[in-house]
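>>> Curious how this folds, go ahead:
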Amino acid sequence: MPTEKLVDGDFLAKLGEGSYENVIGAVDEAVVANAELFGGDEKSVRTYATYAEHVVVVNRDGEFFRSKWSVSDDNEIVLSDIQEMEDVPVFEAEAMGTQVRDESEQATKELMAGRVPEDQLRSLYHISRNVRLTAEGVEDLFNKQAWFEADWYKAVEEKDKEIRGFLGTEVVRLEVPKPRFEALVKDQVADDQVENHRDGVVAAIKKLRTVFANMKNRTALARQVTESHRLRDKDDEAMAATDFVQFVTGYSEDLDGVLGILNDAVAVSDSGCVRCLARVHDGIADQAYEWTLAAAFSEKLARRFEPVAA
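You can find the predicted model right below:
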């Protein structure tokens, strides 16, 4: 706080002795100086919260520790009885998306009913505070997906020739991502050279995310088609409204899943496992043809539906 009057520095120092401000600063310094006790180093350990008799410390791996602190006769901070906190709720990347979606949907219902969704907002806050996201976790989440078993995916595979015929010359203009990191994926790059590929992998994942985001934009009209719509041409042999809605709904839900994984991959891209990120990129890119074809098909066919007049 600025002041026009000057106060003696020694007096100010004595005035602050023993204050919480001084103690908190001293505890922070002690934690950093003893970082190895908390599973890290001075750059990867920080004080999370300081209390009257103990401090909570977290390291880069998301591990939390509780330690007692006291002041010695020499006016030094002493840390003791350090224990890892096993009861800290850590949400896995695999479950985070589902939890956030469920809580968000419930919050929306509460808002529409004119109520403040306090419980849902509190849950979302704790999820965001406690989630520990890693590249390994993102890869594991991707590996557990089975989009190729979805009905819409199988339909695209089975009707590939018909869909390409329906799209006509548009097919040649489709942007279909390709796998790019075979050497990394097959461990053909020396360990001491892997980090050199980070920028290329991250750029490719961001590009892939943009491509899939564009797919979502292209299907905006298709998502507005309902089972009460009908094709403008009564003799049209294309998909009926009921089947089209089911196709687009399944595709859109899975598209959100892909974008969630790509967003998570970008979130951990600065320091996450490069090989893991490369495998996620190439795994998604390897299936991109079917995704791209589905988006183009949905966009074009949606224009041929119209609502039934009341």
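
>>> Leaving out the residues flanking it, which one is nearest to Arg303?
Leu221 (6.8 Å; C-beta to C-beta, 6 or more residues apart in numbering). From N, CA and C alone the C-beta is placed, and that goes for glycine too.

>>> what sits against the one you found?
Shown in contact with Leu221 (C-beta atoms under 8 Å, 6 or more residues apart in numbering): Glu299, Ala302, Arg303.

>>> buried stuff in the helix or strand hosting Lys154?
Per DSSP states H and E, Lys154 falls inside helix 151-158. Residues of helix 151-158 classed as buried under the neighbour-count rule (16 or more other C-beta atoms under 10 Å) are Trp152, Tyr153, Ala155, Val156.

>>> How many neighbouring residues does the closest residue to the last one other than its chain neighbours have?
In space, and not counting its chain neighbours, Val156 is closest to Glu290: 4.7 Å by C-beta to C-beta, 6+ apart. By the other C-beta atoms under 10 Å criterion, the neighbourhood of Glu290 contains 22 residues.

>>> Hmm, Glu290 is touching Tyr153, no?
Yes - Glu290 lies in contact with Tyr153 (C-beta atoms under 8 Å); the separation is 5.6 Å.

>>> still on that earlier bit, any chance of the buried residues of helix 151-158 in CSV, with distance to Thr169 and pLDDT too?
Conversion of the buried residues of helix 151-158 to CSV gives the following (distance: C-beta to C-beta, whole Å; pLDDT from 0 to 100):
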residue, distance to Thr169, pLDDT
Trp152, 24, 95
Tyr153, 24, 96
Ala155, 22, 94
Val156, 19, 95
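
>>> of these, closest to Ala265?
Ala265 has its nearest neighbour among the buried residues of helix 151-158 in Tyr153, at 21.0 Å by C-beta to C-beta.

>>> who are the neighbours in contact with that closest one?
Listed by C-beta under 8 Å, 6+ apart, the contact partners of Tyr153 are Trp147, Asp254, Glu290, Ala294.

>>> quick one: which of these has the most company?
Using other C-beta under 10 Å as the neighbour test, the contacts of Tyr153 are led by Ala294, with 26 neighbours.

>>> Which strand or helix spans that one?
Going by DSSP H and E, Ala294 is in helix 288-302.

>>> Could you list every helix and strand in contact with that helix?
helix 151-158, helix 160-167, helix 198-218, helix 241-267 (3 or more C-beta pairs under 8 Å, 6 or more residues apart in numbering; DSSP states H and E).

>>> Which pLDDT value belongs to the residue minimising distance to the centre of the chain?
Residue closest to the average C-alpha location in the chain (C-alpha atoms, centre = their mean): Asp264, at 3.0 Å. Looking at Asp264, its pLDDT reads 88.

>>> Tell me who's in contact with it.
Here Asp264 is in contact with Ala93, Leu133, Gly137, Val138, Leu141 (C-beta under 8 Å, 6+ apart).

>>> now Phe38
Contact analysis of Phe38 by C-beta under 8 Å, 6+ apart lists Val31, Val45, Val57, Asn59, Glu63, Phe65, Ser67, Ile82.

>>> Just to check, Phe32 is in contact with Asp41?
Just so we're on the same page, residue 32 is Val rather than Phe. No - taking C-beta under 8 Å as the definition, Val32 is not a contact partner of Asp41, at 9.0 Å.
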